[in-house]
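Q: Quick check, what structure comes out for this input:
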Amino acid sequence: MIAGAVIGVLVVLSMMGKKPPLILAMPTHATVTHESKQTECVACHDPRIEGVVAPLPASHPTKWRDEKTNCTLCHKTSPASTASAALPLAQETKHQ
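A: Okay, the predicted model is just below:
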């Protein structure tokens with residue numbers, strides 16, 4: 001019983017420290033907002049579709065399969081970082 005309690009406490013503590021990663025600040029994510037729909041994300045990240053850009057890892061929670069759940073529920077966006085993500089691409093294009 002004590003061993004079970006110790007394991008339970010360790011599991012809870014390990015889960016408390018885990019935070020989902022932020023949505024990367026890159027040009028393709030420049031239009032992602034808190035209101036973005038889940039279907040916009042799975043177009044590039046659905047592991048069931050062969051050849052997607054960046055499929056979700058097998059360890060990702062399966063809640064993403066529910067179309068009513070937006071990815072931004074867990075993955076946060078930063079308006080400044082996603083909006084500025086398009087700037088480096090535009091600057092690189094000018095220099096080429």
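
Q: which stretches of the protein form helices?
A: For the chain, the helices defined by DSSP state H occupy 2-16, 38-45, 79-84, 86-95.

Q: Any buried residues in the first one, and which?
A: Just to be clear, that refers to helix 2-16. Residues of helix 2-16 include none that count as buried (16 or more other Cβ atoms under 10 Å). C-beta: built from backbone N, CA, C; applies to glycine.

Q: By mean pLDDT, show me the worst of the helices of the chain.
A: Of all the helices of the chain, helix 86-95 carries the lowest average pLDDT, namely a mean of 41.

Q: so how many other residues sit close to Asn70?
A: Per other Cβ atoms under 10 Å, the neighbour tally for Asn70 reads 19.

Q: how much space between the nearest residue to it once chain neighbours are set aside and Val12?
A: Spatial nearest neighbour of Asn70, excluding adjacent residues (Cβ to Cβ, 6 or more residues apart in numbering): Gln38 at 5.3 Å. Separation of Gln38 from Val12 (Cβ to Cβ, to the nearest Å): 28 Å.

Q: Please apply the same query to Met1.
A: Taking Cβ to Cβ, one finds Met1 at 17 Å from Val12.

Q: returning to what we had before: what's the neighbour count on the residue nearest to Asn70?
A: Neighbour tally, Gln38, other Cβ under 10 Å: 18.

Q: now swap in Gly51 and tell me
A: The tally of other residues near Gly51 (other Cβ under 10 Å) stands at 5.
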